[in-house]
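Undergrad: only geometry, no sequence info:
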């Protein structure tokens, strides 16, 4: 109906007050798209995400023009490059809590006007 979407799992657009808890995403075949893509979202919370990751795939979580997000207790594998992609000059107030992105090749990438000041703790 919509063609190929930019995420294999959750694609959220123009939403406020959205929470995902303990979601596990997997695919039958390797998929290079994002597990989660949020575009123009306010007040997003992602807790305990487990997502299939494939070497060479897009960022696991991509936030575009997202204001107020909490990414909690998510774990990145060594194939995540990056684990979290932030885009857009309106992306701000992204809080990272109890995540384990240390094993990711690159934990966070910034594009299209998003900056490190959008994230706390840095």
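TA: The structure has been received and is ready for your questions. Note that the structure is a prediction, hence the values are computed from the model and not measured. Numbering: from 1, shown residues only.
Undergrad: got the contact list for stretch 50-60?
TA: If you take Cβ atoms under 8 Å, 6 or more residues apart in numbering as the criterion, stretch 50-60 is touched by 8-9, 23-27, 30-36, 49, 74-77, 79-85, 109. In short, each C-beta sits where N, CA and C put it, glycine included.
Undergrad: again, 6 Å this time
TA: Outside stretch 50-60, the residues that touch it by Cβ atoms under 6 Å, 6 or more residues apart in numbering are 24-27, 30, 32-35, 77, 79-80, 82-83, 85.
Undergrad: Which of the residues you listed lies at the shortest distance from residue 65?
TA: Proximity of the contacts of stretch 50-60 to residue 65 (Cβ to Cβ) peaks at residue 85, which lies at 12.5 Å.
Undergrad: what sits against the closest one?
TA: 59, 62, 109.
Undergrad: hang on, it in a strand?
TA: Yes - under DSSP: H, G, I helix; E, B strand; the rest coil, residue 85 sits within a strand.
Undergrad: Quick check: chain neighbours aside, which residue is closest to it?
TA: In space, and not counting its chain neighbours, residue 85 is closest to residue 59: 3.6 Å by Cβ to Cβ, 6 or more residues apart in numbering.
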